[in-house]
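Asker: the following comprises the amino acid sequence and a computationally predicted model.
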Amino acid sequence: MGMRTTGTGGKASGERFFKDFARGSSKKSDKSSSKTSGKTSGRASNKTSNERSGKGAGASSGQTVERRPASSAAPRERAGERAARERPGDRVVIERKPPRRDEPAPVRFAAKGPGNPTPPRVPRQRRAFSTVGGPVETAGDAAESGALARLWDVDPGLARALTHGFHAYAGRLHPSIARGALTRWSAAGDTVVDPFCGSGTVLTEAMGLGRVAIGNDASPLGVAIAQARTTLLGEAHRELLVSEARRIAELAGEEARKRRRPELPSWAGPEFQRFFPHVAFELFTLRELVMEVPRQPVGNALRLCFSANLVKLMKAGPEAPRDGEAKRIARGVPSRLLGDRAVELATGLAALERRTPPGTPPPVVRVGDARELKGIAAGAARLIVSSPPYPGTYDYAAQHDVRFTWLELPRRSFESAQLGARTATTGLGADPATWRASQRQWLSEMARILMPGGHALLIVGDGVLGNQPEDAPATIAEQAAPLGLEPIARASQARATHDRRLREIFKGHPRQEHLLLLRRA
């Protein structure tokens with residue numbers, strides 16, 4: 001096991017921990033017992049598979065994570081910690097899908113008949129594909145590295161709990177990791193910050209546990225999804241959301257069946273390459289009706305319900321499903337799916353409202369740059385839980401181009417703000433000098449907003465810098481220690497590499513995903 005550093009950093013302690021984080025000096029166990037069948041609609045995290053979307057199928061049953069034997073030096077997980085992670089109402093057997101507190105019975109509709117549309121279908125279970133299990137390497141403090149190792153033992157039942165199943169988003173964190181981290185390193189009423197909040201997984205879990213949550217992301221799409229997932233609306237407005245979606249679905253479906261064509265926006269032409277013509281016309285009708293609904297109280301949520309279905313309906317393009325060209329999508333299907341998503345969101349928000357302790361404020365979510373966390377005072381945060389971009393893995397702007405287009409979000413400003421993007425100009429990986437300068441800046445901001453003794457849990461993966469493999473724990477430890485962020489522990493798992501070029505780059509050592517714990521000195 002690696003050696004724990006002391007003090008605020010400096011060259012000597014930084015070098016010691018640099019060695020502690022090196023793969024050869026950490027402990028590795030092949031003992032495992034807990035099976036995961038479980039990215040969620042989102043990331044335990046999925047960034048290590050850059051050729052996949054963040055919404056793919058999950059790890060297969062039988063894959064495992066490390067479980068330390070009773071004789072291990074690491075103490076057993078505290079009872080309160082285990083109870084908070086695994087409330088009886090939170091765990092589900094996916095095959096049987098019993099009722100659970102986080103997933104109440106969905107809104108019920110009358111049976112199909114005169115005046116009643118087809119009831120929305122219950123969305124299928126999404127699973128985490130990058131939480132693949134296997135041996136866990138640990139380094140640093142024994143107790144903390146043991147706690148980190150247990151976080152890899154994700155609960156697949158949380159993948160669709162609360163609002164976690166709503167709206168796919170590339171690189172989404174598994175809710176089980178977020179919940180476990182929040183439970184161990186923060187308490188009710190503490191301020192928790194996610195500087196790279198994406199679609200809001202950490203914010204949703206923090207809200208449900210009674211924390212004061214602040215989220216920041218450069219993507220206006222990610223922020224919009226996070227706001228939709230954490231704005232409870234209240235029972236009356238949730239019912240209004242569902243009824244408005246049903247009304248719009250009926251109108252648009254009828255127009256589609258009668259083959260009436262809507263008025264098209266100026267940017268419509270290329271969309272007939274991404275969608276079958278009849279699907280595109282129905283989507284334009286839906287979009288027109290959705291955009292007519294005032295943003296408050298339910299218009300914003302309706303826009304995200306519409307956005308959630310776009311990729312599923314594509315036939316071609318980088319984001320399109322692999323079977324897109326072979327799909328046969330009947331008229332009326334896009335309209336029905338809008339109703340499905342509204343029911344899904346309303347049901348999840350009701351569950352989140354039930355879980356959230358009274359008096360918990362709604363999360364503050366802003367479009368912003370993690371290198372300059374405006375509006376967050378120095379020393380304000382007890383805990384940071386965040387998953388920064390894995391360099392050279394995604395181009396998030398390209399990954400969500402269809403949604404930026406149909407929602408008319410500002411893509412150009414996001415392209416200039418996203419960090420470590422995999423682009424045509426940088427080749428397979430990110431530019432090394434630019435990435436390291438950016439990394440130093442956002443680590444400095446994390447150090448500024450953390451109170452003394454506060455923790456930062458970073459979920460990171462080995463990326464690609466200038467067509468060379470990155471050792472993420474080593475580079476973060478090297479840069480964090482001089483800023484007053486003391487590296488405490490890590491827990492790492494190997495990830496499969498499916499891209500032939502990546503296999504060549506990472507030959508000689510496995511590509512890994514890591515949980516890194518830092519403490520403000």
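Answerer: Sure, I can see it. Computed from a predicted model, the values in this text were never measured in an experiment.
Asker: stretch 301-314: end-to-end distance?
Answerer: Stretch 301-314 has an end-to-end distance of 22 Å (criterion: CA to CA, to the nearest Å).
Asker: now that stretch: mean pLDDT?
Answerer: Stretch 301-314 carries an average pLDDT of 96.
Asker: kindly report the same for stretch 209-220.
Answerer: Here the average pLDDT along stretch 209-220 is 97.
Asker: got it, and stretch 355-365?
Answerer: Averaged over stretch 355-365, pLDDT sits at 97.
Asker: for that stretch, measure first residue to last.
Answerer: End residues of stretch 355-365 are separated by 20 Å (CA to CA).
Asker: ok, and what's touching it?
Answerer: When contacts are defined by CB atoms under 8 Å, 6 or more residues apart in numbering, stretch 355-365 is touched by residues 101-102, 162, 188, 197, 200, 203, 206-217, 223, 226-227, 230-232, 375. C-beta coordinates here come from the backbone N, C-alpha and C atoms, glycine included.
Asker: among those residues, which ones are buried?
Answerer: 102, 162, 197, 200, 203, 206-217, 223, 226-227, 230-232 (16 or more other CB atoms under 10 Å).
Asker: re the thing from before, out of the contacts of stretch 355-365, name the ones that lie in strands.
Answerer: 212-217 (DSSP state E).
Asker: where do the strands sit along this protein?
Answerer: Taking DSSP E as the test, the strands found in the chain are 27-29, 32-36, 63-66, 136-140, 191-194, 212-217, 364-367, 381-386, 450-461, 464-465, 468-469, 485-494, 512-520.
Asker: now do the last one, average pLDDT.
Answerer: What strand 512-520 shows for mean pLDDT is 96.
Asker: go on, the longest one?
Answerer: Strand 450-461 shows a mean pLDDT of 97.
Asker: buried stuff in that strand?
Answerer: Here strand 450-461 shows 450, 454-461 as buried, counting by 16+ other CB under 10 Å.
Asker: just give me the closest of those to Arg246.
Answerer: Ile459 (38.4 Å; CB to CB).
Asker: near Val333, how many other residues are there?
Answerer: The tally of other residues near Val333 (other CB atoms under 10 Å) stands at 18.
Asker: how much space separates the residue nearest the centre of the chain from Ala437?
Answerer: Taking CA atoms, centre = their mean, the centroid of the chain lies closest to Arg172, which sits 2.0 Å from it. When distance is defined by CB to CB, to the nearest Å, Arg172 is 27 Å away from Ala437.
Asker: and for Asn300?
Answerer: Distance of Asn300 to Ala437, computed by CB to CB: 35 Å.
Asker: of these two, give the one with the bigger neighbour count.
Answerer: Set side by side, Asn300 and Ala437 show more neighbours around Asn300, with 16 against 11, by other CB under 10 Å.
Asker: which residues does the more buried one contact?
Answerer: The contact partners of Asn300, by CB under 8 Å, 6+ apart, come to 224, 227-228, 231.
Asker: among those residues, which pair sits farthest apart?
Answerer: Longest span within these, CB to CB: Ala224 and Thr231, 10.7 Å.
Asker: domains of the protein?
Answerer: 10-91+127-226+361-520, 235-349 (automatic domain parsing).
Asker: deepest of those, which one?
Answerer: Across these, averaging neighbours per residue (mean count of other CB atoms under 10 Å) puts domain 10-91+127-226+361-520 on top, at a mean of 21.
Asker: picking that back up, which among the contacts of Asn300 gets closest to Phe166?
Answerer: Of all these, Ala228 has the smallest distance to Phe166: 7.4 Å, by CB to CB.
Asker: excluding its backbone neighbours, what's nearest that closest one?
Answerer: Closest residue in space to Ala228, ignoring its immediate chain neighbours: Leu304 at 4.3 Å, by CB to CB, 6 or more residues apart in numbering.
Asker: tell me how far the one you found lies from Val460.
Answerer: Leu304 is 28 Å from Val460, by CB to CB.
Asker: over to Gln296?
Answerer: Distance, Gln296 to Val460, using CB to CB: 37 Å.
Asker: pLDDT below threshold where in this protein?
Answerer: Applying pLDDT under 70 to the chain flags residues 1-132, 423-427.
Asker: what's near enough to touch the closest residue to Val212 other than its chain neighbours?
Answerer: What sits nearest to Val212 in space, not counting adjacent residues and going by CB to CB, 6+ apart, is Thr191, at 4.5 Å. Residues counted as contacts of Thr191 (CB under 8 Å, 6+ apart) are 211-214, 380-383.
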